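Chemist: got a sequence here, can you model it:
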Amino acid sequence: MPRRSDASLSVVVVNAPQRQAPPLSLSEAEAGIWESIMASLPADWFRPSDWPILAAYCQTAVQYEEATTQMREQPLTLMGERRRIYKHPLLAIQHTTTLRLALLASKLRLCPSSRVRIDATGAASKVQPAKKPWDAQ
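Modeler: Reported below is the predicted structural model:
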C-alpha cells in the first residue's frame, strides 16, 4: 500500500452526497426500482423535492409490470353481453401507466431526451445537474 502524504490525509470531505433510501410506503418491488434508479445515477441527481415524484414513478412502474404480466395470460379482447366484443380493461391500464411513466421519467430526467439540451446552433449538449454555489469557480 503506497504511503499517503500529510496533505492528502488532512483533506476532509464535507457533505458528501448520500443516496436516499426508499420511503417505507413503497412495496418491496417498488423499493427495488427506487434503489436501482438511485444506484444508476450520481448521488446528487435528485433533490428532496424530487422524492415524491420518484416514488410515483416506482409505483407506476410496478402497476405497468403487473398489467403486462396479466395481459400475457389473457386475450386482448373480451366478449360481453349480446356478443359485443370490447378491449380488455388491462389495455387501458397499460396505456395509462405507459403515459404516466414517460411523463414522470421526463420530469426526473431519466429518459435520454430530458438529459440532452439542444442549443441555438442545433448541437446537442448533455444537461448537467445543477451546480452547488460552493462548486462555482
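
Chemist: which SSE is the nearest residue in space to Q20 that is not next to it in sequence in?
Modeler: Nearest non-adjacent residue to Q20, counting by Cβ to Cβ, 6 or more residues apart in numbering: W51, 6.1 Å away. Bear in mind the C-beta positions are built from the backbone N, C-alpha and C, glycine included. Here W51, judged by DSSP states H and E, is contained in helix 51-72.

Chemist: other SSEs contacting the next helix or strand after that helix?
Modeler: The helix or strand immediately downstream of helix 51-72 is strand 77-79, counting by DSSP H and E. On a contact count with 3 or more Cβ pairs under 8 Å, 6 or more residues apart in numbering; DSSP states H and E, strand 77-79 meets strand 85-87.

Chemist: who does the strand it packs on pair up with?
Modeler: Partner strands for strand 85-87, per DSSP bridges, with pairing direction: strand 77-79 (antiparallel).
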